[in-house]
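Student: give me a model of this one.
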Amino acid sequence: MEINTLLDMRHELLEQFVNELNENLTPAGIIEVTTEDEPEAVEFMLDELANSSDEVRGYVYFDLPQTPEDEVQHLICMFSLSEDLKTETLPALYEAVCHINFALPFGGFAVDMNNRFLSYKLCAPLSMEMSREALYDEICILAGNASEVVSSFHNVLMKVIDGDWDIEKVVEYLGG
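Tutor: Okay, here's the model as predicted:
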């Protein structure tokens, strides 16, 4: 498939996803692309945590295609959970993330290399030959699965960041 045709189709699918989110009263929109080397993305608020003191934002996007001959495309859902990490609780947060990631069936939590923010990321490799309908279904499935994981562990990770939970509490929460 020609790259421009692929990008146009992806744009339409992301617009459809934004419209569905907005119809369900979830604030969402497409982020303006400022350079050619960044993908177009949908930004949305995580509904389940709307009353939380932290704004949890989700992003859904396709990785940029490399060549017209690519056979696989990558659909990515990423959440920014906290941009207020505390130096004194970083060691406990690192350990908590390791234990939680081991327990997860897919995706993973991470702290960026500058210790500024906590995120969750889930990526799905998809065939370039998928139909529009199948691709849209995958967007909804990926965002739904990632949202469930983030909702399940957000409070635990915030308690670790705030210093309210130590690693023993995290392990206990995980059933260990």
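
Student: when you work out contacts or count neighbours from here on, use the C-alpha atoms and nothing else.
Tutor: Fine.

Student: where's V97, which helix or strand?
Tutor: Secondary structure here is read from DSSP states H and E; on that basis V97 sits in helix 90-103.

Student: check F153 too.
Tutor: For F153, the element it lies in under DSSP H and E is helix 132-161.

Student: now the angle from that helix to helix 90-103?
Tutor: Orientation note: helix 132-161 sits at an angle of 140 degrees relative to helix 90-103 (axes from the mean of the first three to the mean of the last three CA atoms, to 10 degrees).

Student: give me the helices and strands touching the following helix or strand past helix 132-161, please.
Tutor: Using DSSP H and E, the helix or strand that follows helix 132-161 in sequence is helix 167-173. For helix 167-173, the elements it packs on are helix 90-103, judged by 3 or more CA pairs under 8 Å, 6 or more residues apart in numbering; DSSP states H and E.

Student: ok, and what's touching the helix it packs on?
Tutor: Where contact means CA atoms under 8 Å, 6 or more residues apart in numbering, the residues beyond helix 90-103 that reach it are 107-111, 115, 157, 160-161, 166-167, 170-171, 174.

Student: buried residues in the helix holding F153, which are they?
Tutor: 135-136, 138-139, 142-143, 146-147, 149-151, 153-154, 156-158, 160-161 (16 or more other CA atoms under 10 Å).

Student: over to stretch 58-66?
Tutor: Of the residues in stretch 58-66, those buried under the neighbour-count criterion (16+ other CA under 10 Å) are G58, Y59, V60, Y61, F62, D63, L64, P65.

Student: can I get those residues in a markdown table including secondary structure, distance to D84 and pLDDT?
Tutor: Below are those laid out as a markdown table (DSSP: H, G, I helix; E, B strand; the rest coil; distance: CA to CA, whole Å; pLDDT from 0 to 100):
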| residue | secondary structure | distance to D84 | pLDDT |
| --- | --- | --- | --- |
| G58 | strand | 17 | 95 |
| Y59 | strand | 19 | 97 |
| V60 | strand | 23 | 98 |
| Y61 | strand | 25 | 97 |
| F62 | strand | 27 | 96 |
| D63 | coil | 27 | 94 |
| L64 | coil | 30 | 90 |
| P65 | coil | 33 | 85 |
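
Student: tell me the one of those nearest V72?
Tutor: Each of the buried residues of stretch 58-66 was scored against V72 by CA to CA, and P65 proved nearest at 8.9 Å.
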